[in-house]
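Undergrad: this is a predicted model, with the sequence first.
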Amino acid sequence: MKPSQENIKILFICDNETDVITMKLRLESHKDILFYIWHCLTLAEGISYLHIKKLRADIIILDLELKDDQDPRATYRSMELAAEGVPIIVITGTGSQQHALASFVIELGAADNMIRGEFQGIADALEFALIRRKILIEKERKSDQALQENKNENTERERISDEKSLKERQEHQDNLAMFMGGYSVTNSAAKNEEDKRK
């Protein structure tokens with residue numbers, strides 16, 4: 001990971017003390033990573049940091065096997081809703097059921113999956129998650145800009161169309177007035193106004 005002038009703000013939700021220590025040691029071993037970790041033991045505490053304490057995290061690392069939550073899938077969905085677009089790296093165990101769980105949350109949009117206790121790749125996981133988030137934000141910005149430009153173009157087309165319709169109606173009235181010997185609703189109103197002034 002390239003050196004950064006700003007700390008990576010990490011919300012780490014995990015109730016396994018060994019994993020917490022291991023994760024911190026792994027991050028500290030990468031001298032080019034500047035980071036700050038908010039550690040929570042429960043999902044409710046993590047959500048509280050986001051909603052009540054208004055923590056603006058860059059990355060969320062979420063253990064899906066928290067003791068206070070029975071359903072790992074529901075745990076992920078709750079955090080995804082609270083995260084509001086902040087990348088979530090999940091921690092799962094080994095075995096076929098854990099692999100299926102990891103696949104499930106990755107399909108839902110999790111940034112990455114790490115095996116419990118094996119955090120050698122944490123620096124890369126953080127970097128790639130932040131890069132993907134940056135690309136997504138840029139795509140959304142360009143999409144919003146394109147929509148606004150399209151809206152402006154449509155407004156201009158409507159304005160030109162309205163002016164053209166108005167001109168065509170005026171020309172139609174003028175032609176009709178000529179055909180009827182110079183009399184039209186527009187000409188008559190103008191003549192009455194002129195007569196009043198006299």
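TA: Nice, I can see it.

Undergrad: pairing partners for whichever strand or helix holds I61, with directions?
TA: Applying DSSP states H and E as the criterion places I61 in strand 59-63. According to DSSP bridges, strand 59-63 forms sheet pairs with strand 8-13 (parallel), strand 88-92 (parallel).

Undergrad: now the last one, how far from the centre of its chain.
TA: What separates the centre of strand 88-92 from the centre of its chain is 20 Å, taken as C-alpha atoms, centre = their mean, to the nearest Å.

Undergrad: again with the first one
TA: The chain centroid and the centroid of strand 8-13 are separated by 19 Å, computed with C-alpha atoms, centre = their mean.

Undergrad: who's in contact with the strand holding I61?
TA: Applying C-beta atoms under 8 Å, 6 or more residues apart in numbering, the external contacts of strand 59-63 come out as 8-16, 19, 23, 46, 75-76, 79, 83, 86-91, 111, 114, 116, 126, 129-130. Heads up, the C-betas are built off the backbone N, CA and C, glycines and all.

Undergrad: just the buried members of the residues you listed?
TA: Neighbour-count burial (16 or more other C-beta atoms under 10 Å) is assigned, among those, to 8-16, 19, 23, 46, 75-76, 79, 83, 86-91, 111, 114, 116, 126, 129-130.

Undergrad: K53 looks like it's in a helix, true?
TA: No: assignment of K53 by DSSP: H, G, I helix; E, B strand; the rest coil gives coil, placing it outside any helix.

Undergrad: and the pLDDT at it?
TA: K53 carries a pLDDT score of 84 in this model.

Undergrad: what about it, how many neighbours?
TA: Using other C-beta atoms under 10 Å, K53 has 9 other residues around it.

Undergrad: identify the residues contacting it.
TA: K53 neighbours (C-beta under 8 Å, 6+ apart): none.

Undergrad: and the gap between it and C40?
TA: 11 Å (C-beta to C-beta, to the nearest Å).

Undergrad: any weak-confidence spans in the chain?
TA: Applying pLDDT under 70 to the chain picks out residues 1-6, 176, 180-198.

Undergrad: R26 contacts D124, correct?
TA: No: the pair R26 / D124 is not scored as a contact, 11.2 Å apart, by C-beta atoms under 8 Å.

Undergrad: so for the two, which residue has more residues nearby?
TA: Using other C-beta under 10 Å as the criterion, R26 and D124 rank with R26 on top: 17 against 12.

Undergrad: ok, and the closest non-adjacent residue to that one?
TA: Closest residue to R26 apart from its sequence neighbours, by C-beta to C-beta, 6 or more residues apart in numbering: F119 at 4.4 Å.

Undergrad: relative to I47, how far out is the one you found?
TA: Taking C-beta to C-beta, one finds F119 at 23 Å from I47.
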